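Undergrad: Sequence and predicted model, in that order:
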Amino acid sequence: MQVYQLRDESIKLGQLLKAAGLAFTGVEAKYAILDGLVEVNGTVCLQRGKKLVPGDVVTFQGKKIEITG
């Protein structure tokens with residue numbers, strides 16, 4: 001499991017995918033989310049702007065990212 005350390009209070013889902021290197025562009029992240037390929041805390045999330053906070057776990061392409069503060 002990969003760990004992502006927040007610099008602020010939260011990060012948007014689309015931004016996290018780019019920052020973690022799981023999407024090369026914002027457009028790629030957008031379509032991955034809208035296609036239902038991304039889960040937040042075990043549930044498919046279709047909101048690109050979903051704010052992630054410490055304790056959230058994002059799953060995409062078999063990789064998990066835990067958000068820490």
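TA: That came through, no problem.
Undergrad: Report the contact partners of residue 28.
TA: residue 17 (Cβ atoms under 8 Å, 6 or more residues apart in numbering). Using the backbone N, CA and C atoms, a C-beta is placed for each residue, glycine as well.
Undergrad: Tell me which residues of the host helix or strand of it come out buried.
TA: Assigned by DSSP states H and E, residue 28 falls within helix 26-34. For helix 26-34, the neighbour count (16 or more other Cβ atoms under 10 Å) marks 29, 32-33 as buried.
Undergrad: Stretch 31-49 too?
TA: So, applying 16+ other Cβ under 10 Å, buried residues of stretch 31-49: 32-33, 38, 40, 45, 48.
Undergrad: Now the two most distant members of those.
TA: 32 and 40 (12.6 Å; Cβ to Cβ).
Undergrad: Off-centre distance for the helix or strand where residue 65 lies?
TA: Using DSSP H and E, residue 65 sits within strand 63-68. Taking Cα atoms, centre = their mean, to the nearest Å, one finds strand 63-68 lying 8 Å from the centre of the chain it belongs to.
Undergrad: In CSV, list the C-alpha atoms belonging to it.
TA: The C-alpha trace of strand 63-68 is given here as CSV (Å, rounded to 0.1, in the frame of the first residue of the first chain):
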residue,chain,number,x,y,z
LYS,A,63,-3.2,-0.2,-6.1
LYS,A,64,-4.1,1.3,-2.8
ILE,A,65,-3.2,4.7,-1.5
GLU,A,66,-3.7,5.6,2.2
ILE,A,67,-4.1,9.3,3.0
THR,A,68,-2.2,10.5,6.0
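Undergrad: Excluding chain neighbours, what is closest to residue 20?
TA: Among residues not flanking residue 20 along the chain, residue 65 sits closest, at 5.4 Å (Cβ to Cβ, 6 or more residues apart in numbering).
Undergrad: With that, I have no additional questions.
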